[in-house]
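A.B. asks: Sequence first, predicted coordinates after that:
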Amino acid sequence: MSLFKARDWWSTILGEKEEFDQGCLCVADVDNSGSGQDKVIVGSYKGYLRIFNPHPVKPGDEVQPEDLLLEVQLQEPILQVEVGKFVSGTEGLHLAVLHCRKLCVYAVSGTQGNVEHGNQYQIKLMYEHNLQRTACNMTYGPFGGVKGRDLICIQSMDGMLMLFEQESYAFGRFLPGFLLPGPLAYSSRTDSFITVSSCQQVESYKYQVLAFATDADERQDTEQQKLSSGKRLAVDWVLNIGEQALDICVVSFNQGVSSVFVLGERNFFCLKDNGQIRFMKKLDYSPSCFIPYCSVREGTINTLIANHSKMLNVYQDVTLKWATQLPCIPVSVKVANFQDLKGVIVTLSDDGHLQCSYLGTDPSLFQAPKVDSREINYEEMNAEMKELQKIIREATKTQDIFPESEKQRDVTVTAEVSPDLDEESQAIDSEVNAGAVPSVTVKITIQSRVTAQKPNLAVCVQAPLAVTCDQFVFDDLEPDSSETVVLSVFLKENCSPSELEGTCMISYNIPTELNPEGIPRVAQCNFSLPLKLVCFPAQPSKAANHKLTIDTNKPPISFVTIFPDFVDPSEGDQANALGFQFLTGSKTTLLASKTSQRYRIQSDQLEDLWLVTKELIHRLEEHFKKQNCKDFACTFSGSIPLQEYFELIDRHFELRLNAEKFQELLSERAVQFRAIERRLLTRFKDKTPAPLQHLDTLLEGTFREVIALADAAEENQASMFQAFAKLKSATHLVIMLISLWQKLSTDQVAILEATFLPLAEDTQELGWEETVDAAISYLLRTCLSKSSKEQALTLSSQFSMPKDTSRLKKNITLFCDRLAKGGRLSLSTDSAAQQTAVVPGGCATIPESDLEERTVIPGSTAMFSSHEHITKQKSK
């Protein structure tokens with residue numbers, strides 16, 4: 001913020017909803033009055049042309065109508081206005097107006113008025129040029145050193161310089177390597193045109209070189225035909241400034257020296273007329289426009305630079321001399337002379353705020369108020385203080401920050417899953433190969449006790465499951481109102497899910513007196529999906545590759561009782577074998593022993609054991625809970641299937657490596673494809689065609705390779721998604737078996753799940769292997785460490801994709817071994833005190849040195865030597 005504001009000398013607002021830009025402002029004695037007093041000429045994109053003769057206005061007064069000399073609406077938008085000697089036979093000033101497809105030159109004249117209304121002004125069209133190309137901007141000057149007249153050069157949007165010798169068209173030339181038009185200026189001392197190209201280079205072209213170069217119309221000829229005359233347009237000098245330019249201005253306040261000023265996006269350059277840098281200034285703001293206006297000391301130039309912070313800075317070369325605040329952001333700034341007041345700053349904003357101002361300071365009119373000498377009423381102050389403290393307490397109540405209990409919650413959300421599958425499946429775009437993919441209906445009810453603003457409901461299930469609609473937006477909920485939505489859940493991807501659960505979450509705002517916009521709140525609930533959503537009853541299978549045995553302390557329960565939705569009631573209590581056919585094609589068999597208290601789950605795939613095992617334990621717990629049996633427990637005394645688990649890890653990691661290889665190959669082929677494209681474009685642009693040398697064949701072959709690699713990468717990505725789903729299911733199974741084997745508490749199971757299942761989704765940047773390896777390494781060095789020496793080891797804080805999975809598999813094996821020796825999972829730092837010599841019943845320890853030194857075969861029966869592998873016993 002500036003200490004001083006620009007002193008408003010005269011200002012007005014132009015039109016309504018009109019737009020203006022850099023070239024829409026010009027100041028000059030356009031009516032040739034001879035008084036030396038400038039007029040302000042403004043053109044707008046709506047086609048309005050206005051000429052003002054500003055007079056000083058007292059604060060609070062309005063602009064006088066006679067200040068507007070002329071206002072006329074032209075047929076086309078006005079891109080730029082300039083004043084110069086544009087008409088032959090006279091050295092009077094005329095007004096040039098540039099439209100998109102037309103250049104018009106007008107004479108502005110005034111007639112002496114005989115009444116108090118003042119003089120009358122009018123414009124007369126002297127000549128016009130219809131342009132064959134869309135114009136961008138223009139510049140003028142005595143091209144070629146002519147005396148007493150100015151020529152006009154117009155730059156088109158496609159890079160053509162069109163030169164006009166007043167009433168006649170001279171010639172046109174295309175700029176080489178053109179992409180987008182930039183600012184254009186003319187230097188009379190070197191007789192050259194200066195612009196900034198799309199390559200962020202300041203380029204200078206001599207007028208003589210333009211005149212003798214190839215004519216623009218000959219550019220359309222065939223490249224095989226050689227030109228009989230003319231030269232190729234060559235640049236005089238080039239300077240790379242490294243940024244786009246906003247404006248260019250050429251000034252010469254001394255006869256022998258001229259300077260080229262370039263305003264960039266972040267820098268301000270002053271160049272000599274040969275392209276060398278005189279000085280540059282790095283700006284710490286975003287400039288909008290500028291103008292060099294005078295030289296107050298020999299060898300220096302003063303410049304005005306406006307920025308988007310409504311500031312106008314005055315520089316003497318690179319030294320900041322003054323800074324002032326403007327009421328708007330100017331897009332154009334000029335310096336004019338009005339009625340014995342020289343150096344008035346004229347600014348124009350993009351919305352038509354035209355202001356004439358000058359620099360100065362306002363005297364401070366502030367007077368300190370008189371001190372009130374009345375006595376202080378302490379009782380009133382105490383009462384006011386208590387009232388304010390009460391307001392503060394109301395505003396900082398904990399219920400506005402922390403969630404309330406479920407009974408006191410303002411908005412509750414509940415989900416009810418239908419006990420039966422949908423009669424007509426609602427599955428959409430399912431990729432499952434099964435004939436009919438079932439779906440189940442979920443009814444979600446939202447109840448509000450208070451006014452809830454902007455309620456949004458989101459329903460989330462983990463892939464490969466999907467919902468028919470996952471986002472709902474409601475109107476504001478009134479007190480004691482409710483909303484109900486119904487959706488369906490189905491299996492979309494062709495793989496079994498690792499979890500049959502979903503989450504409903506609603507976000508809303510609760511308005512208060514101090515916060516009418518509302519305090520954001522969130523309510524959520526979880527729901528469980530039925531097992532028959534992903535599988536259906538089938539014949540039990542006798543043979544299987546993977547078998548697990550779960551021990552209980554209660555007699556086996558008939559499957560008709562605990563699995564009524566999968567067993568035919570006609571079988572009665574004789575059903576001790578049950579088959580589950582998954583929609584993905586695999587089968588799992590559940591067996592109940594008739595003589596012992598055991599259940600066996602077997603399948604050809606390790607990951608398919610998880611959902612059935614979880615469902616079995618859950619239904620057994622619910623069954624005995626209904627019978628008020630509190631001592632029911634499940635245990636697992638077999639060996640953890642680590643070898644099969646490691647195979648799933650290796651498969652997932654192999655797909656991750658393939659994805660990385662595909663990414664590298666795609667990058668290489670893309671670089672090769674772009675290089676061939678550049679070669680071909682160079683050949684096509686060359687005026688003397690050369691043979692392609694099979695570049696087109698190479699381009700087509702590279703394109704096919706890119707498409708093939710992209711398809712292979714996409715297929716690998718789908719395979720990696722399925723492998724990660726299988727790995728999650730197997731990981732859930734391993735966690736459950738470890739918790740049953742070691743009889744872990746709920747907190748310890750939570751630590752185990754956070755260790756082995758840290759990611760909901762797997763990515764190349766952060767994968768499952770390195771994350772789990774870091775978590776297990778932390779536990780091995782803290783709560784499962786053998787000595788303080790291991791606790792002192794530091795872990796790497798950077799995650800990177802490992803070269804292989806050998807370290808991870810070794811850590812998992814060591815993790816299970818230390819749990820077998822009595823290690824206990826805990827996040828407490830005092831882990832050494834937790835190490836005890838107590839080993840779970842039936843488990844004998846082995847020396848850890850033997851485990852670390854020899855080659856361990858995970859999952860083998862020798863891992864825990866005293867364990868009798870129950871899975872090899874035949875179910876009775």
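C.D. replies: On my side now, so go ahead.

A.B. asks: all helices for this structure, in order.
C.D. replies: 207-212, 378-395, 559-562, 609-626, 642-685, 695-742, 746-756, 768-781, 788-791, 806-820, 848-853 (DSSP state H).

A.B. asks: got the CA positions of the second one in CSV?
C.D. replies: Read it as helix 378-395. C-alpha atoms of helix 378-395 as CSV (Å, rounded to 0.1, in the frame of the first residue of the first chain):
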residue,chain,number,x,y,z
TYR,A,378,-16.9,0.3,37.3
GLU,A,379,-20.3,-1.4,37.8
GLU,A,380,-21.2,-0.9,34.2
MET,A,381,-17.8,-2.1,33.1
ASN,A,382,-18.1,-5.3,35.2
ALA,A,383,-21.6,-6.0,33.8
GLU,A,384,-20.3,-5.5,30.2
MET,A,385,-17.3,-7.8,30.9
LYS,A,386,-19.6,-10.5,32.2
GLU,A,387,-21.8,-10.3,29.2
LEU,A,388,-18.8,-10.5,26.9
GLN,A,389,-17.4,-13.5,28.8
LYS,A,390,-20.8,-15.2,28.5
ILE,A,391,-20.8,-14.7,24.7
ILE,A,392,-17.3,-16.1,24.5
ARG,A,393,-18.2,-19.2,26.5
GLU,A,394,-21.2,-19.8,24.2
ALA,A,395,-19.0,-19.5,21.2
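
A.B. asks: outside of that helix, which residues touch it?
C.D. replies: Glu513, Leu514 (Cβ atoms under 8 Å, 6 or more residues apart in numbering). Bear in mind the C-beta positions are built from the backbone N, C-alpha and C, glycine included.

A.B. asks: pLDDT averaged over that helix - what is it?
C.D. replies: Average pLDDT, helix 378-395: 88.

A.B. asks: one step back: least reliable of the helices of the chain by average pLDDT, please.
C.D. replies: helix 848-853 (a mean of 36).

A.B. asks: Now do the domain split for the chain, please.
C.D. replies: 164-215+233-282, 411-531, 535-636, 642-821 (the TED database).

A.B. asks: mind giving me TSV with those and columns for distance to Ala96?
C.D. replies: TSV is the format used below for these (distance: least, Cβ to Cβ, whole Å):
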stretch	distance to Ala96
domain 164-215+233-282	10
domain 411-531	55
domain 535-636	77
domain 642-821	35
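
A.B. asks: now those in TSV, with distance to Glu66 and mean neighbour count?
C.D. replies: Shown next, in TSV, are these (distance: least, Cβ to Cβ, whole Å; neighbours: other Cβ atoms under 10 Å):
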stretch	distance to Glu66	mean neighbour count
domain 164-215+233-282	33	17
domain 411-531	51	16
domain 535-636	87	17
domain 642-821	59	16
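
A.B. asks: Can you check the pLDDT for Glu62?
C.D. replies: Confidence for Glu62, expressed as pLDDT, is 68.

A.B. asks: actually Gln22, sorry about that
C.D. replies: At Gln22, pLDDT is 91.

A.B. asks: now swap in Pro403 and tell me
C.D. replies: 46.

A.B. asks: what residues are up against Leu578?
C.D. replies: Going by Cβ under 8 Å, 6+ apart, the list of residues near Leu578 reads Pro537, Pro540, Phe559, Phe563, Phe566, Val567, Thr589, Leu590, Leu591.

A.B. asks: Just the pLDDT at it, thanks.
C.D. replies: So Leu578 comes in at 87 (pLDDT).

A.B. asks: now it: how far from Phe632?
C.D. replies: Using Cβ to Cβ, to the nearest Å, Leu578 is found at 20 Å from Phe632.

A.B. asks: Strands along the stretch 351-500 of the chain, start to end?
C.D. replies: Using DSSP state E, counting those that start in this stretch, the strands of the stretch 351-500 of the chain run over 353-358, 411-421, 439-448, 453-461, 465-467, 471-473, 481-491.
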